[in-house]
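Enquirer: Sharing a sequence plus its predicted fold:
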Amino acid sequence: THPTSRHTLMAIVNNKGGVAGHLVRRLHINMLNRPTTSAFGLMLLGGLLFYAGTHTELPMRIKGEGAVHNAVVTNSAPGAPKSKNVFVDTTVGNKGLQKKERYQSVGMKGVTLWFTGFSGSGKSTVGKRLEEVLVRDYRKHTYRLDGDNLRFGLNADLGFAKEDRTENVRRVGEVSALFAESGVIVVASLISPYRADRDKVRKIHAERGLEFMEVFVDVPIHEAESRDPKGLYKKARSGQIKGFTGLDAPYEVPLNPEVRLESHKMSVDEEVREIIKALAQRGVLTATDDTPKWYPALIPPDGGMHWEAPAYSTYSEAAARQFPQVLLNDIDLQWLQCIGEGWAAPLKGFMREGVLLQTLHYNSMLIDEFDLTGNADFAQQRTNYDDYSTKLQMGERVDMSVPIVLPITEMSKQMIGNKRSVTLISPTGKPVAVLTDPEIYDYRK
């Protein structure tokens, strides 16, 4: 058609639509009438936009406590995300679910246990056993991140060059921090030979207010090589593996690890006890001390929460902190309250074995309320089967069909040992009672 008629048609169509549509149509008209000039203009515009996008600092809004402020991150900054449409939210306690509430809901704190040491030092062995004990005996949410297993998935694209090792540690460190923030005990087992890389992982946790414990499995290289469970040292010696840590690649020893295990001098269970002891000292096995108001712990006793210890009480929180500590769960804590407030009378403590067997077999227990036999405190005495049949001949039976006992783990049993006093700790980490003259026995019917 004639150019004049085409211009007329475009002018008619151009009378309709919004501003954006108007600009697009005007561009279309110019390209039809001046294709060479329009193409050059578009190329120039595209070049300017590309330059601006790759050389201009991008403002990113970052939330902080009590304030919202801008942070500028350049595309070339180390560790900066490649994506430009990102929003960094570092809110701590301002909005959303707070960390202490998350910890309270699971009855524990999150932490990363970072096992480091030579290949064959025993990192995975003690890590597996620790996970079993924490889950089966302590009922704690625990997850193990093994360096070898992660190389089949998350880190499948990484080798063993220095830069790959650094990236391997960084990725596992970020994942560990996410797990720990959700209230999980993370057992991460990696050789992680470079101190700077491990320090970066520690920093990742510190910036988020998370617990991080470096566990150095300290085994001499000759001991690790003599074990060689995977045959890697043999391959490295024969030249099949290059850059093997401890042989032709360096290992930088931790300077101040939270836990140091000489696994060639310790049994696996001894190592586990050492780690659990460290966890208990840091309060990881209990929830936050700052208990949220909504948390359903103890029901307020008769008379309210403010009370004075009776004159005969020897309870002292300072002294209680020095005794071996046994962690209670919510059910244990409620039974303790029943005993302490007298709702389980005539019990004055958790059942000893003799009283438990009476309860299980006779739905009752013997008492001597008026001390007619000289055994008024019979239920509080240690079980002695040699003298059991001669006691309480003049006693009476009272109904007691519910076994009220305090179950403990094998680790707690070993920790108590022959101690005469034990402190009972609530799920929030607070001492709530002192149990004197403990009697430990196997649960049997």
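Expert: Alright, I've got the coordinates.

Enquirer: what about the helices in the stretch 51-200 of the chain?
Expert: 99-106, 123-132, 147-150, 162-181, 195-207 (DSSP state H, counting those that start in this stretch).

Enquirer: Of these, which is nearest residue 413?
Expert: helix 123-132 (16.8 Å; C-beta to C-beta). In short, each C-beta sits where N, CA and C put it, glycine included.

Enquirer: by contact count, what packs against the closest one?
Expert: Helix 123-132 sits against strand 111-116, strand 142-146, strand 185-189, helix 268-281, with contacts defined as 3 or more C-beta pairs under 8 Å, 6 or more residues apart in numbering; DSSP states H and E.

Enquirer: packing partners for the first one?
Expert: Under the contact definition 3+ C-beta pairs under 8 Å, 6+ apart, strand 111-116 sits against helix 123-132, helix 162-181, strand 185-189, helix 195-207, strand 211-217.

Enquirer: now swap in the second one and tell me
Expert: In terms of contacts (3+ C-beta pairs under 8 Å, 6+ apart), strand 142-146 is packed against helix 123-132, helix 162-181, strand 185-189.

Enquirer: for the last one, same thing?
Expert: Packing contacts for helix 268-281, counted by 3+ C-beta pairs under 8 Å, 6+ apart, involve helix 123-132, strand 211-217, strand 259-261, helix 410-416.

Enquirer: what sits against residue 177?
Expert: Residue 177 makes contact with 112, 204, 205, 208, 210, according to C-beta atoms under 8 Å, 6 or more residues apart in numbering.

Enquirer: Kindly report the same for residue 153.
Expert: Contacts for residue 153 (C-beta under 8 Å, 6+ apart) come out as none.

Enquirer: From residue 276, how far out is it?
Expert: 29 Å (C-beta to C-beta, to the nearest Å).

Enquirer: again with residue 252
Expert: 27 Å.

Enquirer: go on, residue 115?
Expert: 14 Å.

Enquirer: any low-confidence regions in this structure?
Expert: Scanning the chain for pLDDT under 70 picks out the ranges 1-42, 44-95, 287-317, 387-394, 445.

Enquirer: between residue 115 and residue 276, who's got more neighbours?
Expert: residue 115 (30 against 22; other C-beta atoms under 10 Å).

Enquirer: bridging residues for that one?
Expert: Under DSSP bridges, the beta-bridge partners of residue 115 are residue 189, residue 215.

Enquirer: Do I have it right that it meets residue 123?
Expert: Yes - the pair residue 115 / residue 123 is scored as a contact, 4.2 Å apart, by C-beta atoms under 8 Å.

Enquirer: what do these two both touch?
Expert: 189, 190, 217.

Enquirer: Nearest residue to the second one in space, ignoring adjacent ones along the chain?
Expert: It refers to residue 190. residue 147 (3.9 Å; C-beta to C-beta, 6 or more residues apart in numbering).

Enquirer: Hmm, that neighbour is touching residue 193, no?
Expert: No - Residue 147 lies out of contact with residue 193 (C-beta under 8 Å); the separation is 11.3 Å.

Enquirer: Break down the stretch 251-400 of the chain into its strands, ranges please.
Expert: 259-261, 325-327, 364-367, 396-399 (DSSP state E, counting those that start in this stretch).

Enquirer: of all these, which lies closest to residue 408?
Expert: Using C-beta to C-beta, the strands of the stretch 251-400 of the chain put strand 325-327 closest to residue 408, at 5.9 Å.

Enquirer: strands paired with that closest one, and their directions?
Expert: strand 421-425 (parallel).

Enquirer: outside of the helix or strand that the partner strand is followed by, which residues touch it?
Expert: Going down the chain from strand 421-425, the next helix or strand is strand 431-436, by DSSP states H and E. Strand 431-436 is contacted by residues 298, 314-315, 317, 319-321, 323, 325-326, 328, 333, 336, 340, 349-350, 406, 420-426 when judged by C-beta under 8 Å, 6+ apart.

Enquirer: Could you rerun that using 7 Å?
Expert: 315, 317, 320-321, 323, 336, 340, 349, 420-426 (C-beta atoms under 7 Å, 6 or more residues apart in numbering).

Enquirer: Tell me which two of these sit farthest apart.
Expert: Of all pairs in the contacts of strand 431-436, the most separated under C-beta to C-beta is 420 and 426 at 21.9 Å.

Enquirer: more crowded one of those two?
Expert: Taking neighbours as other C-beta under 10 Å, residue 420 and residue 426 compare with residue 426 leading, 23 against 10.
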